Structure formats: C-alpha cells, structure tokens
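# coords please:
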Amino acid sequence: MTKDFPTDGKLYHCGTLVYTKSMLAALFAWLLWGDFCYTLMESVTQPIMQLKFKGLGASNTEIGLVLITIPGIIFSVMNPIISFKSDRFRSRLGRRIPFIMATLPFLTLALVALAFGDQISRWLYEYLKSTGVSLVAVTTGTLAVLLVAFTFFNTCFTSMFWYLFRDVVPEKLLARFMSWFRMFAMGSTALYQYVIFPYSGTRATQIFLGAAVLYLIGFGLMCLNVREGQYPPAPPYVGGGTGPIAAVKTYGRECHSHAHYWYVWAGTFIGSVGAGVGVFNLFFLQRTGLNLAQIGRINGTASIVTGILVLGTGWLADKFHPIRVVVAAGILGLVVAPANLIWLYWCPPADAVWRWHFWRTVFEVRQVYFVQFCIAVGLRSPVLALGAVWDPVLLMRIFPGERLGQFCSNNAIWRVGGAIFGASLAGVALDFMGRWVGKDRAYLYIPVWQLLFAIPCFIFLLGLYKSWKRYGGDEAYVAPIPDVLCSEQTAVVAVTPGA
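As a prediction, the model looks like this:
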C-alpha cells in the first residue's frame, strides 16, 4: 500500500500532526480498515429494504418516499447542525472523533433493530390487530420507523468520517489517499455484491446482525488508533454574535454569498435530481432479464474495476488538479450515457444466448448478461472512477479548509434535496408512465431520465472550472470567504470577479 507514497524519509505534516513514513502507513491502514467496515455495513441496508418494501406491495412513490425522501429530510436538517458544530468543536480527542464515538453504539442498535424488524412488526400487530389494521401496514410502518432511526444516527457518523480525512491526512497525499480509500470502498462493495447480495431476500436478519458486529468492533478499533491534532481557536460568527440565530446567519452567509460556490450547489442539485432515480435501478436491471445473482456479479466486477481505476485517477488529480479530472468524467459520461437506451429497443428473453465456435469448443453467453456486463464494466466503470474525484477530493480543494464541514454539509443539503426531489418525482413519473407502457417496462426509461439531467449538470461544472481559473487556478487559488474574517482576504474577495 505504501509504494505509491513518498519513501524519502521526510516528515509529513498536517496541521500540528507530524508523520514518518511508518506512521503514515499505520494511519492509512486504520482509516482504510474503518472504511471497509463502514462500507459493508451501509451497503446492506438499501437493497434489503428495497426488496422488503417491494415484497410488501409498496408503490414506486412509496419506496422513494421511505428510502430517499424521509432519510433525506433528516440528513438535510441534522447534517448542517452537526457539521457546523464540529468545525467549531474543540476537545482533547479532537473535533471529529468525539462525534463518531458518541453515535457508534446507537447506530449498532439501529442495525440490530432492523435485523429483527419482521419479528417486531408481528409483535406489534398482535396488539394492534383489534383496530383492523393489516399486518402489511404494520410491517411497512415499523420498518419505515426503524429505517428513520438508522438514518438519524448514520447521518451523525457519515459527516464526521469524511471530514476526518482532511484533518489528519497531509494535503499533498490527500488525492492519492482518497484513491486508495475509493478502491477499498469499491472492494468492500464488490465483496458484498458477490458474497452477500444474492441472499438479501432470504437472509436479511443474519446480514444485518453481521454488519452490526463488524461495524461496532471494526470501527471502534479505528477510532482508538487515529489521533487528531490541535486546532486554532474556532472562527467567530458573522457580526460577532452568538446563539442559534447568529449561527444560522453565519452558515447562510458564508456558504451562499459567493457566486463561485453557486456553481457547486447548482451542479450538485441537478446531478442529484438525475441520480435520484437510482433507487429504482435494481428494478431496471431485473426488467432487462437479470436475476439477483447476475446483478451481484456484474456490480461486484464493476466495483473491482472501478476501484483499480480510481488509483490512476488519484494520481491524475494530484498531477492535473481534481477539477480537470471531473470535467473529463463529465465529457466521457455524456458520451457513454446513451448505451443503456438500447433496452428500449432490444430486450431479448433472459435465457437467449450467443454461441461462438472456436476450434472444437462452443462458447455460450447469455445475451442480456453479456451486454449489461460490457456496459457496466467497460463503459461506466471508467466514468465512475474519474467522477469519484469530485467528492470529496475536489470539494476539499475548492472549499475553505477551516470550514470544510460547514461547506460540505451545505453541499450535502443541495445533494439530498436534489435526491429527494428526484426520487419523488421519478417515482411519480414511473408510476404515471407505467399506466401507458406497463409497470415493469416503465423502468427501461430510467436511462432517459438520467441523461436529461446530466447535460445541465455538466454545464454548471464548466462554470465552476472557469470560476476556479478566475480565483487563481493552479498556482494561486484561494477559496473565497466572507470579508469578516480578515482584512487581507477582504481585499482578495473585493477585487475578484463573481464574488
């Protein structure tokens, strides 16, 4: 793991933290181990809940509401509060790890509750059946409530984990570290897709319990072995005020008073509206003729390939800057996006095969599986690897470092807002379209939805690139911040176009 990092024996600094090469290796190992545990834990939740709600007869609109809209609202409310407080929090253990440790047991309990969601539902039904409510309604409501509880504690954790990287990893190694981080995440996802996902419909209890144990022990060890440094005094509120009102005013002004950041917010929102339909992607793949085992193999292979390619994109980001890599991803994405439109015109039976004769051997491959594999692995994986540089590597380079949590949480609000709107609107659109083309065939129009929103998202990305160049570009970029912070920055902001 360390061969791609400097080996010249120098000391590496991140704030007040100082590392030797061996200390860096230990730091990366613990952070990557934490990511492995977390990714496996989080990967199991949505697919299992998708299948459960679908099995209960929930409509697309209801699935979008429960899996995207309600969790998105919770995230939008809690994430900025937690992030803003964390940026300004000071303790002996740092400003991120205390928040992670505080949520660790509660998130574990939420996973255990989801594991026994069906049993809890049946227990509640025995007390409520005299009211005339059905078992399906009780089960749906119970699972929705438990999922909300999981989302609440997961929101507290997720934000702090991402911010921790910027606080403990030396900046000049950040892109390459994040490439390893992405690779491990993809590897974890691949392991889940290959080994666990095919049992999502039959072994949900065991999967949830295993995820809970792995997360509690694995991530707890990471927290005990990663140390934060010392931070300067917390930045003041705008106008020197105190209290909740001053905090809200500071948050809003610092995040939204510069046109430069509006390219980020707009691009994030539009992109998330398009991606919101992804909650139904499992049904799209099933409609084309794939079963769960085939979907798991394709997604797992795509995750491995993307993870390997991400190592290269991390090097590219360090060499050419993340924003150029993301622009390249946008261009390539628009080129390959129409590939999935093929299923609107060509959808062979699931058991249809192609045969190749080589010498005296006949090779057979299922047509649907082969084409989906080529699209996912050959076309989408390079785009995903390049696009992975956007969040968080590019954002860490674009946003003010001392307010990283605050700005990232605001970006998350726009992202979740777009996902909420996109998932809800997509669910309604698919239900409406299903009346005309058939409920199952409506899922084949998902790629059309994604392409329609990819185009304006790319336009805003180009606007961000031009603004980044105006603010200094490669040699002199300084993240624009409000003029209340210091007179030197006031002068920079005042003369910079777009401020």
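# how about the strands in the stretch 351-499 of the chain?
For the stretch 351-499 of the chain, strands defined by DSSP state E, counting those that start in this stretch occupy the ranges 353-358, 361-366.
# Walk me through which strands the last one pairs with, and which way each runs.
Just to be clear, that refers to strand 361-366. strand 353-358 (antiparallel) (DSSP bridges).
# Go ahead and flag the most central residue of the chain.
By CA atoms, centre = their mean, the mean C-alpha position of the chain lies nearest to D391, the distance being 8.3 Å.
# Next, format the strands of the stretch 351-499 of the chain as TSV and append distance to E402 and mean pLDDT.
Bear in mind the C-beta positions are built from the backbone N, C-alpha and C, glycine included. As requested, the strands of the stretch 351-499 of the chain are exported to TSV (distance: least, CB to CB, whole Å; pLDDT from 0 to 100):
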stretch	distance to E402	mean pLDDT
strand 353-358	57	77
strand 361-366	54	78
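# and those strands as JSON lines, adding mean neighbour count?
Putting the strands of the stretch 351-499 of the chain into JSON lines (neighbours: other CB atoms under 10 Å) gives the following:
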{"stretch": "strand 353-358", "mean neighbour count": "10"}
{"stretch": "strand 361-366", "mean neighbour count": "11"}
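# so which of those comes closest to G243?
strand 361-366 (63.1 Å; CB to CB).
# re earlier: give me every residue that touches the residue nearest to the centre of the chain.
Residues in contact with D391 (CB atoms under 8 Å, 6 or more residues apart in numbering) are N411.
# gap between G463 and R470?
11 Å (CB to CB, to the nearest Å).
# Among the two, which residue is more densely surrounded?
Neighbours were counted for G463 and for R470 using other CB atoms under 10 Å; G463 has more, 18 against 13.
# Relative to D35, how far out is the residue nearest to that one when sequence neighbours are not counted?
Nearest-residue entry for G463: Y263, 4.4 Å, with adjacent residues in sequence omitted and distances by CB to CB, 6 or more residues apart in numbering. Computed as CB to CB, the Y263 to D35 distance reads 29 Å.
# do R253 as well
In terms of CB to CB, R253 sits 34 Å off from D35.
# And these two? Which one has more around it.
D35 (23 against 15).
# Ok, which of the strands of the stretch 351-499 of the chain comes nearest V133?
Once the strands of the stretch 351-499 of the chain are compared by CB to CB, strand 361-366 is nearest, at 44.1 Å.
# how many other residues sit next to the nearest residue to A385 once chain neighbours are set aside?
Nearest non-adjacent residue to A385, counting by CB to CB, 6+ apart: L309, 3.6 Å away. Counted with other CB under 10 Å, residues neighbouring L309 total 21.
# Isn't L309 up against P382?
Yes: between L309 and P382 there is a contact under CB atoms under 8 Å: 6.0 Å.
# Quick one: the helices in the stretch 201-350 of the chain, in order.
204-214, 220-225, 243-256, 259-275, 281-288, 292-320, 322-336 (DSSP state H, counting those that start in this stretch).
# and those, which is most packed in?
helix 259-275 (a mean of 22; mean count of other CB atoms under 10 Å).
# what's the offset of that helix from the middle of its chain?
In terms of CA atoms, centre = their mean, to the nearest Å, the centre of helix 259-275 is found 15 Å from the chain centre.
# Likewise for stretch 354-368?
For stretch 354-368, the distance to the chain centre is 39 Å (CA atoms, centre = their mean).
# Can you give the contact residues for that stretch?
With CB under 8 Å, 6+ apart, stretch 354-368 has contacts from 288-290, 347-348, 350-353, 370.
# now with 6 Å?
Identification of contacts with stretch 354-368 by CB atoms under 6 Å, 6 or more residues apart in numbering yields 288-289, 348, 350, 352-353.
# for stretch 436-446, same thing?
Outside stretch 436-446, the residues touching it (CB under 6 Å, 6+ apart) are 277, 283-284, 287, 343-344, 430, 433-434.
# switch the cut-off to 10 Å
59-60, 277-278, 280-288, 340-345, 347, 426, 429-435 (CB atoms under 10 Å, 6 or more residues apart in numbering).
# again, but for stretch 291-298
Contacts for stretch 291-298 (CB under 10 Å, 6+ apart): 47, 51, 190, 192-202, 281-282, 285-286, 288, 290, 350, 366, 368-369, 372-377.
# looking at the strands of the stretch 351-499 of the chain, which is closest to R90?
strand 361-366 (58.4 Å).
# so the closest one versus helix 292-320, what angle?
If you take axes from the mean of the first three to the mean of the last three CA atoms, to 10 degrees, strand 361-366 sits at 90 degrees to helix 292-320.
# Restricting to C-alpha, output strand 361-366 in CSV.
What follows is strand 361-366, C-alpha atoms only, in CSV (Å, rounded to 0.1, in the frame of the first residue of the first chain):
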residue,chain,number,x,y,z
THR,A,361,-15.2,-25.8,-28.5
VAL,A,362,-18.5,-23.9,-28.3
PHE,A,363,-18.8,-20.9,-26.0
GLU,A,364,-22.2,-19.7,-24.9
VAL,A,365,-23.1,-16.5,-23.1
ARG,A,366,-26.4,-15.1,-22.2
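# how deep is the residue nearest to E402 when sequence neighbours are not counted tucked in, by neighbour count?
Nearest residue to E402, sequence neighbours excluded (CB to CB, 6+ apart): P235, at 6.3 Å. For P235, the count of nearby residues is 17 (other CB under 10 Å).
# about what we covered before: may I ask which of the contacts of stretch 354-368 comes out lowest in pLDDT?
Looking at the contacts of stretch 354-368 by pLDDT, the weakest one is A350, with 77.
# With distance to D167 as new columns, can the strands of the stretch 351-499 of the chain be given to me in a markdown table?
Shown next, in a markdown table, are those (distance: least, CB to CB, whole Å):
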| stretch | distance to D167 |
| --- | --- |
| strand 353-358 | 52 |
| strand 361-366 | 48 |
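# Which of the ones you listed sits closest to R166?
strand 361-366 (45.1 Å).
# Could you pull up the residues touching Y251?
Y251 neighbours (CB under 10 Å, 6+ apart): 80-81, 83-84, 237-238, 403, 406-407, 409-410.
# at 8 Å what do you get?
By CB under 8 Å, 6+ apart, the neighbours of Y251 are 80, 84, 406, 410.
# May I have the predicted confidence score for the last one?
The pLDDT attached to N410 in the predicted structure is 89.
# Please give the number of neighbouring residues around it.
N410 has 25 nearby residues by other CB under 10 Å.
# what does F89 give?
Using other CB under 10 Å: F89 sits among 16 other residues.
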